[in-house]
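Q: sequence plus predicted model, see below.
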Amino acid sequence: MRAVLVARDLHFRYGRHEALRGVDLAVRRGEILAVVGPNGAGKTTLFRLLTLYLRPQRGSVEYFFGGRPTPAREARRRIAAVLQEPSLFSTDVFGNVAYGLLLRAPFGERLRTRLSRGLRRLGLHLPPSPIEKRVEVALETVGLAGFTSRRASSLSRGEAQRVALARALVLEPEVLFLDEPTASLDPESAVIVERIIRWFREDGRTVLLTTHDPGQARRLADRIVRLAEGRIVETEEITKGEAAPPPPAPLGG
Amino acid sequence: MREIWGSVEAAFSLLFHPDRYLLSTILVSFKVSGIALLICFPVSAALAAAISLGRFPGRGAVKLLVRTAMGLPSVVVGLLVLLVLSEAGPFKGLLWTPRAMVISQLVLITPLVLGVMISSLEGVSRRVAEAAHVLGANRLQVAWAVMREARLGFLTAAVAGFGRAIAEVGSVLIVGGNIAWADGTSYTRTLTTAIVVESRKGNFEAALAFGIVLMVLVLAVNLVLGLLGRPEEAR
Amino acid sequence: MLKVLLFVGGLLSIIGAPLAAAELVLATTTSTYDTGLLDALNRSFEELLGVKVKVIAVGTGAALELAKRGMVDLVLVHARPLEDRYLAEGWVINRRDVMFNDFVVVGPPEDPAGVKGAPTAVEAFRRIAAAGARFISRGDNSGTNFKEREIWRAAGIEPGGRWYLLSGKGMGDTLVQASLMGGYTLTDRGTFLAMRENLDLEIVVEGPVKGGDPMLMNPYGIMAVNPARFPDRNYVLAMAYIGFVTSPEGQRIIAGLTVGGEPLFYPTALREEPDFSEYVPRDWRGG
C-alpha cells in the first residue's frame, strides 16, 4: 500500500473554536476516500488543511508523489479541489476552466491562448491552442460542451458546479478533492458526476470527497472515514463485493 | 437675476472662445490630477491587496487610519506638505511647482482610493481566494485573481480619486502658489485656484467660466461612476 | 519595489519644465497682485533679462513670513511697521521705497453713521463705533488690516461687538461683502477703483492723494531676503529685480497703470534729494 498523502495529528482552531482535535489520516494512492459526518464536524476544515490552504497549528500534512516526500509548492501543482460553493471567477466559462492551466503554462502558451481567444471573439478562427483543446475536452466530460463563451454569472447552480469540476479536472491532478460534489445538482447531473469520479480513479488517481449522503459514500468510496467534533471516530473499508457500481458509460453521456 | 444670467452668458462665450489663460489652466488641472492618479493607482492597489488579503497584527488599526485620512481637509494636507517641503533640504526646490501639487494631491487622494479599493476587495468572497489557491495559485496569483474580481470597484476608486483631485482647491493653492506667468499662461494655477483669484478680483464672468468647466468635468466623472455602477445592479 | 520607484520618478520628471537655473520667486499681497501691476512689470523684466518671475500672492503677514522662512527671494508689501520689524530682525535687507497710494474709507451711500464730512479717518472711525454701524475688517494681518488697527489705536477704541466683523478675506472679497451688507470698510484706493462698478459703496473719507487725511498714506516697500541666512535663494536676481522696479523704466510702468483715467499707484523710488528712511527701520538710531 502506497500512501500519497499523510496527515499527522492535525489540530486547527478558528479563533477560539477548535475545529480539529487530532486527526491522523493516510490516504492510499488510487483510492476513493469519503469523509462523512454531521455539520460542524470539521470536514471542510480538514480539506482546507489537506489542500494546504491553511496551516495547522499542530501536526503536519505531507504528500508523497513518486514514493518520495514532495515539497508543498510542487505538491500544490499536482492536486486540485472543487469547493462546496462553485466560486467561479467573474469571466466566461473558458476563463474559469483554463485558469489553472494558464497558471502553469509558460509565457508563450499563455500569449497564444489569449490571442486565439481574442481573435475568435472577433470572428477569426485560428487552430485552437493546446489549452483550448483541453478545456473543450473537460467541458464535454462534465456534459457542458459548447458552454465555452457563456458568462459565469449566467449559469445555473448546477451548471456552475460542473464548471468548477471541469476547472479542476482539466488540470489532471493526481489527487482531487471534492467538497459535497453533488449537493446542489439535479439527479441527472449527479449521476454524471459520480461516473466521472469513478473514471478518474481508473487512471490511478486519488479522490477525496465529503458527502452528506451515506448512500453516495457507499456507492463511490473504497474507504469511509467518519468525523465528529474534530476527530475521526470510525473508519470503514468497503469491499468490492458490496454494491458493485455499474460499469462506467462512455464519456460525455 | 438678470445680472446673473448676463454673467452666465458672458461665461459661456468665454468658453467657446477660450484664451491661453483658460486652456493652460485646464491643462495644469488635468496634468496635476492625472499624474497624481497614475501614481496613486498602482501603489494603492498593491497596498490594498496587502492590507485586505494579509494577516498581520494591527490590521484593524491600519484600516481605521485609512478611513480617518480619507476625511482630511485639503488645506490641512496642503499645509503639511508645505511644511515638509520647506524644511527638507533636497526637496526645497519643489516648492511652488506643479510637482509639489502632484505630491500634495497624492497625499490627499491615496486614502480615498485605498479605502474604496480595500472595501471592494473585502466585498469579494473569500471563497474566490480559496478557489484560486486550490487550483495552484501562489500568493501573488491569488491576490491578482481577487483584484480581477474587484476590478469594477477599482475603477470606481480611480474615478472617485480623480474627481476629488480635480475639484479640490485647498492643497494646490498652498503648495503651488496659484502662479500664472506675466503673459497669462498658468504655471501652478488650476481651474479651482483660478476661480479663487478671479472672483477675488471681481472678474465674475471669468470665475464663472472656470466654474462651468469644472462642473462639466465633475459631471462627467459622476456619469462615468454611475455607468460603472449599472452592470453591478444588473447582475 | 524598484520598478515602482522608477515609474514614479519617471512620471514626476515629465511634468513641469525642468527648473531653469534663473527663476525668481516674489511674494506680494493679493491686493497688489490683483491690480495687474506685477504682470505689467514682469513682462518687461522677462524681456530684459529672460528670467521668469513667479509671483505668490498672499496676505502681507504671510508674505513676510515666507521671506522669514526663506521660501521666496524677495517681497513687495505695504505695511511699514511690519517691514521695519523684519528688517530689524535681519530677515530681509536692502529695502527700497517703490510707490505709494492711499487708503480711503468707504461706506454705503445712505451713510448711517454720518461719516461723510469727517475731517480725518480717526474721527470717521469714532463715529462708526459710536453709531454701532457695521464695519468690515479684513482681520488677516494684511497691510490694510495694519493700517486699520493703527487708526483704531489712534482713536483709542478697541473695536468689537456685533457691528464689527472680520472677513478674513482679501480686499476684493471684503469690499464685496461690505457692499452686500451695507457696511463701512477701509480699503486701498486702487482695489476700490478697479472694482467700483460692481460695488454699492462710496468714498466717505478721502486719502492724501486727493488732499485728504495724511494718515491714510499707503507706502509700498520692496526688499530682498537676506542671503546670509538663506544662501540658496536667488539674491543677485532679486537685486536685479529691485533695481528694475526702482529704475526709471520700472517707475514709468508703475505710473502707467490706471483705472478709469486715475493712476493706481504713485512712484516714489526716484528722488534727487536723499531720504535715508527708506533703507532702515524708522526707529533705527544707527551705530
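A: Noted; the coordinates are in hand.

Q: where does C:Leu5 land on pLDDT?
A: With respect to pLDDT, C:Leu5 scores 65.

Q: again with A:Asp203
A: pLDDT at A:Asp203 comes out at 80.

Q: what about the helices in the chain?
A: Since you didn't name a chain, this refers to chain A. For chain A, helices defined by DSSP state H occupy the ranges A:43-50, A:72-77, A:93-97, A:99-104, A:107-122, A:130-141, A:157-169, A:187-202, A:214-220.

Q: actually chain C
A: Under DSSP H, chain C gives helices at C:2-14, C:30-34, C:37-49, C:60-68, C:80-88, C:121-131, C:143-155, C:171-181, C:189-195, C:235-245, C:248-255.

Q: now render those helices as JSON lines, adding mean neighbour count and distance to chain A.
A: Quick note: C-beta positions are derived from backbone N, CA and C, even for glycine. Converted to JSON lines, the helices of chain C look like this (neighbours: other CB atoms under 10 Å in any protein chain shown; distance: least, CB to the nearest CB, whole Å):
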{"stretch": "helix C:2-14", "mean neighbour count": "11", "distance to chain A": "18"}
{"stretch": "helix C:30-34", "mean neighbour count": "25", "distance to chain A": "54"}
{"stretch": "helix C:37-49", "mean neighbour count": "18", "distance to chain A": "54"}
{"stretch": "helix C:60-68", "mean neighbour count": "22", "distance to chain A": "53"}
{"stretch": "helix C:80-88", "mean neighbour count": "19", "distance to chain A": "63"}
{"stretch": "helix C:121-131", "mean neighbour count": "21", "distance to chain A": "70"}
{"stretch": "helix C:143-155", "mean neighbour count": "20", "distance to chain A": "61"}
{"stretch": "helix C:171-181", "mean neighbour count": "21", "distance to chain A": "52"}
{"stretch": "helix C:189-195", "mean neighbour count": "23", "distance to chain A": "59"}
{"stretch": "helix C:235-245", "mean neighbour count": "19", "distance to chain A": "56"}
{"stretch": "helix C:248-255", "mean neighbour count": "17", "distance to chain A": "64"}
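
Q: okay, those helices in CSV with distance to chain B next?
A: Formatted as CSV, these follow (distance: least, CB to the nearest CB, whole Å):
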stretch, distance to chain B
helix C:2-14, 5
helix C:30-34, 5
helix C:37-49, 4
helix C:60-68, 9
helix C:80-88, 17
helix C:121-131, 24
helix C:143-155, 14
helix C:171-181, 5
helix C:189-195, 4
helix C:235-245, 13
helix C:248-255, 12
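
Q: and the helices in chain B, which stretches?
A: Taking DSSP H as the test, the helices found in chain B are B:2-16, B:20-53, B:59-70, B:74-87, B:98-123, B:126-134, B:139-149, B:151-167, B:170-176, B:191-201, B:204-234.

Q: what's the closest non-adjacent residue to B:Ala131?
A: A:Ser87 (4.1 Å; CB to CB, 6 or more residues apart in numbering or on different chains).

Q: my guess is the one you found contacts A:Arg167. True?
A: No - A:Ser87 lies out of contact with A:Arg167 (CB atoms under 8 Å); the separation is 9.8 Å.

Q: and for the residue of the stretch 101-250 of chain A found nearest chain C, the neighbour number?
A: At 18.0 Å from chain C, A:Phe107 is the closest residue in the stretch 101-250 of chain A, using CB to the nearest CB. By the criterion of other CB atoms under 10 Å in any protein chain shown, A:Phe107 has 7 neighbours.

Q: per-residue pLDDT, it?
A: pLDDT at A:Phe107 comes out at 92.

Q: residues contacting the residue nearest to the spatial centre of chain B?
A: Centroid-nearest residue in chain B, with CA atoms, centre = their mean: B:Ala165, separated by 2.9 Å. With contact set as CB atoms under 8 Å, 6 or more residues apart in numbering or on different chains, B:Ala165 has these partners: B:Val32, B:Ser33, B:Ala36, B:Leu37, B:Gln105, B:Leu108, B:Ile109.

Q: most packed of the helices of chain B?
A: Burial of these is given as mean neighbour count (mean count of other CB atoms under 10 Å in any protein chain shown); helix B:170-176 ranks first at a mean of 27.

Q: hey, C-alpha coordinates of it in PDB?
A: Provided in PDB are the C-alpha atoms of helix B:170-176 (Å, rounded to 0.1, in the frame of the first residue of the first chain):
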ATOM      1  CA  GLY B 170      -7.000  73.900  -0.600                       C
ATOM      2  CA  SER B 171      -3.900  71.900  -1.100                       C
ATOM      3  CA  VAL B 172      -2.800  73.000  -4.600                       C
ATOM      4  CA  LEU B 173      -3.400  76.600  -3.600                       C
ATOM      5  CA  ILE B 174      -1.000  76.400  -0.700                       C
ATOM      6  CA  VAL B 175       1.800  74.300  -2.200                       C
ATOM      7  CA  GLY B 176       1.600  75.600  -5.700                       C
END
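
Q: in terms of neighbours, single out the busier of A:Ser87 and A:Arg167.
A: A:Arg167 (31 against 22).

Q: which residues touch that one?
A: A:Arg167 makes contact with A:Ala80, A:Val82, A:Leu88, A:Asn96, A:Val97, A:Tyr99, A:Gly100, A:Ala138, B:Leu135, according to CB under 8 Å, 6+ apart.

Q: poorly predicted segments of the chain, please.
A: If you meant another chain, say so; for now it's chain A. A:1, A:240-253 (pLDDT under 70).

Q: please go with chain C instead
A: For chain C (pLDDT under 70), the answer is C:1-21, C:286-287.

Q: repeat that for chain B.
A: For chain B, the stretches with pLDDT under 70 are B:1-3, B:88-89, B:229-235.

Q: tell me the residues of chain B that contact chain A?
A: When proximity is defined by CB under 8 Å from any CB of the partner chain, chain B lies next to chain A at B:125, B:127-128, B:130-138, B:141, B:145, B:148-149, B:235.

Q: repeat that for 6 Å
A: Counting by CB under 6 Å from any CB of the partner chain, chain B comes close to chain A at B:Arg127, B:Val128, B:Glu130, B:Ala131, B:His133, B:Val134, B:Leu135, B:Gly136, B:Ala137, B:Glu149, B:Arg235.

Q: quick check: the residue nearest to B:Ala131 touching B:Val124?
A: No - in this structure, A:Ser87 is not within contact of B:Val124 by CB atoms under 6 Å, at 10.2 Å.

Q: from the contacts of B:Ala165, pick the one nearest C:Gly36.
A: Of all the contacts of B:Ala165, C:Gly36 sits closest to B:Val32, with 25.4 Å by CB to CB.

Q: and stretch B:13-26, how far from the chain's centre?
A: Relative to the chain's own centre, stretch B:13-26 is displaced by 23 Å; criterion: CA atoms, centre = their mean, to the nearest Å.

Q: swap that for stretch A:218-230, please
A: Put simply, stretch A:218-230 sits 16 Å off its chain's centre (CA atoms, centre = their mean).

Q: what lies in contact with that stretch?
A: Contacting residues not belonging to stretch A:218-230 are listed as A:19-21, A:31-37, A:41-43, A:197, A:217, A:232-238, A:243 [CB atoms under 6 Å, 6 or more residues apart in numbering or on different chains].
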